[in-house]
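Student: let's see this in three dimensions:
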Amino acid sequence: MIITLGLRLSALGSRLWQEHADPGASIQNWSLSPRAAKSLEPRAQSLFPRDTIPSVFGRTAAVGGVATCLVVLTLAFAGASAPLAQPPVVGDPTRPTVVPAPAPSSQRSARNASYTITARLDPASRTLTGEALLTWRNTATIPATSLRFHLYYNAWRNTRSTWMREAALAGDTELATRPEADWGWIDVTSLKLVGTSGAPVDVTSSLRFISPDDGNLDDRTVAEVPLSAAVAPGETVNVQIAWSSRVPRTFARTGAIGNFYFLGQWFPKIGVLQDTGWNCHQFHAATEFFSDFGIYDVRLTVPNGWVVGATGTERGRRDEGDRTTTHHYYAEDVHDFAWTTSPDYVERIERFGHDGLPPVAMRLLLQPEHIRQAERHFDATRAALRYYGEWFGPYPYANVTIVDPAWQSGAEGMEYPMLFTAGTRWLAPRTVAEPEGVTVHEAGHQFWYGVVATNEFEHAWMDEGFNTFATARVLEQFFGPQYYAKRYFGGYVPWVFGHLPLSRATDGNYLSPYRNAADADAQSTPTWRYWPGTAGVITYFKTALWLNTLERMLGWDTLQRILSTYFTRYAYKHPEPKDFFAVVNEVSGRDLTWFFDQVYRSSSVFDYGVDAFTSERVSDRGFFGDSGKRTFSANERSADAYRTTLVVRRGGDGIFPVNIRIRFENGQEQRWQWDGRERWKLFEVDRPVRAVSAEVDPERVLLLDVNYTNNTRSLAPKTEAAARKWSLTWLIWLQDHLLTYGFFI
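Tutor: Reported below is the predicted structural model:
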């Protein structure tokens, strides 16, 4: 008991100490930055509101609790998941991975931006050099008078980039203090236009950096080259590109640490030409990416003995004779290509199969210390492939690669076509969704990000928000109850609080951080223009909350048909918000414009609550009776009658129809439906019994309500019982703390 209470005391104390000593360090504020919001994906943990207990107790409790924990450190190690029966299979880089070749398929996408790439990694200097042949077709209705390219690695060239400036606004100031070895960049060394006849035309000298979003002349994440002859609609141009780059120590889930490399956004990538012009935004701290579909034929040269995982299917390996090996990968109908390499990976391969869904080969690249968690990664990936496949539509590719990133690599929780990174710890209790939460989430991105492929510079919520909602639903369906956990000793040792179960509605949708930033931005604002400190809240959490609200309002069957119709109709087509809203109205048979006007086109805040509530015997004063028999009464009572009066109030500017419920002593209920438009509404009822409680939105349909504590009022409060319970609990904690302290001194 002393051990348990010590850990509980330490958790409570350290939490209080942190939040009151430095409000900016509280988990609610930390979770608001885009980088931190993305890092929430590996952990399905509760985000509790900030406490108001003085930090003095928190400091004392933290110290005492940690002292108690030291006594039983070995017990925590014993609580790790049991090892699997079969031994690990170490990946052999000289033997091709056994992955079934994809069956011939019809063209799924426009395939208007295809790359043939050769690249070589030199780990000694952490440099990457490459050459690419880009075949680009103009699918817009306007001619292309120039070509624009993303050069993402230049975001980490210096602190003057737009990405670094926005990261600082979001509170990530430590990035600016990185040592010299951590920074990275990308240089285009050659750019040539290749025609059907004649020599390639070298246009390298015409390449210039532009900043179309914010005018930052120091930003080098977008480059443009003018064309002497425009590329007309339907025409194709071939571009030879050569580049060299220095791989950074990870700033944003791409980079290197030690011998671990995860390489995303690593090559010059052409933007998307739309009917309104080039959609080629600078790299922003609050956004991810947008690109066209194509075919990728890629050869990657790495040191002998290094395992490689990448987008697509491996077609072969060749020993170059200079202590390097070239790995050949090929993928069709994808809009990006990412890869990873390390000599430390342990490889496992399993197969997903489920009735009604196509089989998928799953390749897992694990860190050696996580061997015991292999099946947990596979099970989570299976769950995503199954439930997303049944709910929305089948995964269309023959294989998927799951990457377990190195400790402190910063590469966890990132998605690319046919490949994603998960994220776990050495000690991972099974009652905490780690690695399950991040694995389901990133596997789920293969559907919304990978197949539907919305513009994440401008509408990131259409991927991240949809996926946050679906992740929480899968975890609830497949993995059962999960519990809040606290990690100690630098994050190594977890302690699970079995009396604090997590809820999909609040924890899975991250209601707690949303409360603090509900009106930070209208969701219709292009994502790259969100305030960097709260972009994650509006993108991830708000969307999950309003989708779950729709589920409770329309029913899961209807919402499931909405999402599957949208997925099927707009696969590989880069849809926009108006497309999704039209599908919602079509499938539901209802005009829900009023709903999207509030949750998407404005920053409305929802808050309904009980303002006043009484239930008393009917007692009136005045003249009573008809003409001729009228008499005055100072206390006119009706026999066995109670008048219950309830006033409910709309505290925010958001409007939503809600149910009202009053419960009586005999167990009966009285219900009303309120359209929620007025600022307040009076409800009265006479009953022979006294009312005991009143509640607004008793079924919790409106999950966007920022304050549930005012939704209920009781006339039979249990303050004494609550005070007694918590007083005794705190006294026991204090007693245990003093006993532990006395033992050590």
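
Student: and this protein, what are its domains?
Tutor: Per automatic domain parsing, the structural domains of the chain span 1-91+360-604, 112-344, 608-714.

Student: hey, least reliable of those by pLDDT?
Tutor: Out of those, domain 1-91+360-604 stands lowest, with a mean of 80 (criterion: mean pLDDT).

Student: how far does that domain sit from the chain's center?
Tutor: Taking C-alpha atoms, centre = their mean, to the nearest Å, one finds the center of domain 1-91+360-604 at 5 Å from the center of the full chain.

Student: likewise for stretch 308-315?
Tutor: Worked out by C-alpha atoms, centre = their mean, stretch 308-315 lies 25 Å from the chain centre.

Student: now do the buried residues in that stretch.
Tutor: Buried residues in stretch 308-315, counted by 16 or more other C-beta atoms under 10 Å: 308-314. All C-beta atoms are positioned from the backbone trio N, CA, C, and that covers glycine.

Student: tell me the one of those residues nearest Asp607?
Tutor: Thr311 (44.8 Å; C-beta to C-beta).

Student: coming back round to it: as TSV, the domains of the chain with distance to Glu720 would be great.
Tutor: Below are the domains of the chain laid out as TSV (distance: least, C-beta to C-beta, whole Å):
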stretch	distance to Glu720
domain 1-91+360-604	20
domain 112-344	43
domain 608-714	13
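
Student: indicate which one of those is closest to Ile745.
Tutor: Ile745 lies closest, by C-beta to C-beta, to one member of those: domain 1-91+360-604, at 9.9 Å.

Student: just the buried residues of stretch 308-315 now: which is nearest His354?
Tutor: Using C-beta to C-beta, the shortest approach to His354 within the buried residues of stretch 308-315 belongs to Thr313, at 21.0 Å.

Student: how many residues are close by the nearest residue to Arg561 once chain neighbours are set aside?
Tutor: In this structure, Arg561 finds its nearest non-sequential neighbour in Val587, 5.2 Å apart by C-beta to C-beta, 6 or more residues apart in numbering. Using other C-beta atoms under 10 Å, Val587 is surrounded by 18 other residues.

Student: residues contacting Val587?
Tutor: Listed by C-beta atoms under 8 Å, 6 or more residues apart in numbering, the contact set of Val587 reads 558, 561-562, 565.

Student: in those residues, which residue is surrounded by the most others?
Tutor: Busiest of the contacts of Val587 [other C-beta under 10 Å] is Ile562, holding 21 neighbours.

Student: now do the contacts for Val440.
Tutor: 380-381, 383-384, 471, 474-475.

Student: inside helices: which ones of the residues you listed?
Tutor: The helices, defined by DSSP state H, take in 380-381, 383-384, 471, 474 from the contacts of Val440.

Student: want to try CSV for those, with distance to Lys542 and neighbour count as columns?
Tutor: Converted to CSV, the ones in helices among the contacts of Val440 look like this (distance: C-beta to C-beta, whole Å; neighbours: other C-beta atoms under 10 Å):
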residue, distance to Lys542, neighbour count
Ala380, 25, 27
Thr381, 27, 26
Ala383, 25, 21
Ala384, 23, 28
Thr471, 15, 31
Val474, 20, 23
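
Student: tell me the two of those residues that are most distant?
Tutor: Thr381 and Thr471 (12.6 Å).

Student: would you agree Thr162 is in contact with Ser211?
Tutor: Yes: using C-beta atoms under 8 Å, Thr162 is in contact with Ser211, at 7.2 Å.

Student: re earlier: show me the two of the buried residues of stretch 308-315 that sit farthest apart.
Tutor: Largest pairwise distance in those, by C-beta to C-beta, is 12.5 Å, between Val308 and Thr313.

Student: and the helix or strand that contains Gly536, what other elements does it pack with?
Tutor: Using DSSP states H and E, Gly536 falls within helix 535-536. Using 3 or more C-beta pairs under 8 Å, 6 or more residues apart in numbering; DSSP states H and E, the elements in contact with helix 535-536 are helix 34-39.

Student: sorry, back to before: give me the more crowded residue out of Thr162 and Ser211.
Tutor: Comparing Thr162 with Ser211 by neighbour count (other C-beta under 10 Å), the higher total belongs to Thr162, at 24 against 17.

Student: which residue packs closest to that one, ignoring adjacent ones?
Tutor: The spatially closest residue to Thr162, leaving aside those adjacent along the chain, is Asp219, at 4.5 Å (C-beta to C-beta, 6+ apart).

Student: still on that earlier bit, any common contacting residues for Val308 and Thr313?
Tutor: Shared contacts of Val308 and Thr313, defined by C-beta under 8 Å, 6+ apart, are absent.

Student: and the helices in the stretch 151-300 of the chain?
Tutor: If DSSP state H, counting those that start in this stretch is used as the criterion, the helices of the stretch 151-300 of the chain fall at 162-169.

Student: ranges for the strands of it?
Tutor: 185-194, 201-202, 208-209, 222-231, 236-246, 255-257, 260-263, 269-270, 272-274, 277-279, 294-303 (DSSP state E, counting those that start in this stretch).

Student: tilt between the longest one and strand 185-194?
Tutor: What that stands for is strand 236-246. 160 degrees (axes from the mean of the first three to the mean of the last three C-alpha atoms, to 10 degrees).

Student: tell me what angle strand 236-246 forms with strand 222-231.
Tutor: On the basis of the same axes, to 10 degrees, strand 236-246 is oriented at 160 degrees to strand 222-231.

Student: go on, the first one?
Tutor: Between strand 185-194 and strand 222-231, the angle comes out at 10 degrees (the same axes, to 10 degrees).

Student: give me the residues contacting strand 185-194.
Tutor: 133, 149, 151-154, 156-157, 200-204, 207, 223, 225, 227, 237-246, 266, 268.

Student: again with stretch 240-249
Tutor: 121, 125-134, 149, 153, 156, 178, 181-194, 200, 254-257, 261, 263, 266-268.

Student: of the residues you listed, keep whichever come out buried.
Tutor: 121, 126, 128-134, 149, 153, 156, 182-188, 191-193, 254-257, 261, 263, 266-268.

Student: hmm, back to that, nearest to Val496 among the contacts of Val440?
Tutor: The closest of those, once distances to Val496 are taken by C-beta to C-beta, is Leu475, at 15.8 Å.

Student: what residues are up against Thr565?
Tutor: 583, 586-587.

Student: what do you get for Val298?
Tutor: 115-119, 310-312, 328-330, 337, 339.

Student: if we can go back for a sec, and the residue nearest to Thr162, how far from Val194?
Tutor: 29 Å (C-beta to C-beta, to the nearest Å).

Student: does Phe478 sit in a helix, a strand or a coil?
Tutor: For Phe478, the secondary structure call by DSSP: H, G, I helix; E, B strand; the rest coil comes out as helix.
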